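Novice: this one's structure only:
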């Protein structure tokens, strides 16, 4: 059985355990609060990174559109150059024909 002189000793140990538990809970709450701040900062950095990524995607999309327009323009330019070359060749043939005709008329 429990002796009467054990009771004060057990009460002191229980009080010590309560104090230890209070200190542990306090430390846990402080660590949780500190981690909450760190998590909030990480979330903010992640949000900013996501916004920058979206912005870069928009820019890349615009660049892709600009490249497509430039490629289309290059194709049109190439087609125009081919048309001009064909016209120059026809003009050369016409000039040759006219020169030969004039030469025959002057003979």
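Specialist: Good, I have the coordinates. Bear in mind that the values here come from a model prediction, so they are computed numbers and not experimental data.
Novice: give me every residue that touches residue 26.
Specialist: Under the criterion of Cβ atoms under 8 Å, 6 or more residues apart in numbering, residue 26 has no neighbours. Heads up, the C-betas are built off the backbone N, CA and C, glycines and all.
Novice: tell me which element it falls in.
Specialist: helix 6-106 (DSSP states H and E).
Novice: quick one: that helix to chain centroid distance?
Specialist: 3 Å (Cα atoms, centre = their mean, to the nearest Å).
Novice: let me see the mean pLDDT of it.
Specialist: For helix 6-106, mean pLDDT rounds to 90.
Novice: distance of residue 37 from residue 87?
Specialist: 74 Å (Cβ to Cβ, to the nearest Å).
Novice: again, but for residue 29
Specialist: 86 Å.
Novice: cool, and residue 70?
Specialist: Distance from residue 70 to residue 87, by Cβ to Cβ: 25 Å.
Novice: ok, residue 7 next?
Specialist: Residue 7 is 117 Å from residue 87, by Cβ to Cβ.
Novice: likewise for residue 44?
Specialist: 64 Å.
Novice: and residue 59, how many neighbours?
Specialist: Close neighbours of residue 59, defined as other Cβ atoms under 10 Å, add up to 10.
Novice: for the one 10 residues further on, same thing?
Specialist: Residue 69 has 10 neighbouring residues, counting by other Cβ under 10 Å.
Novice: and what of residue 98?
Specialist: 10.
Novice: how about residue 81?
Specialist: With other Cβ under 10 Å as criterion, residue 81 counts 10.
Novice: for the one 3 residues further on, same thing?
Specialist: Applying other Cβ under 10 Å, we find 10 residues neighbouring residue 84.
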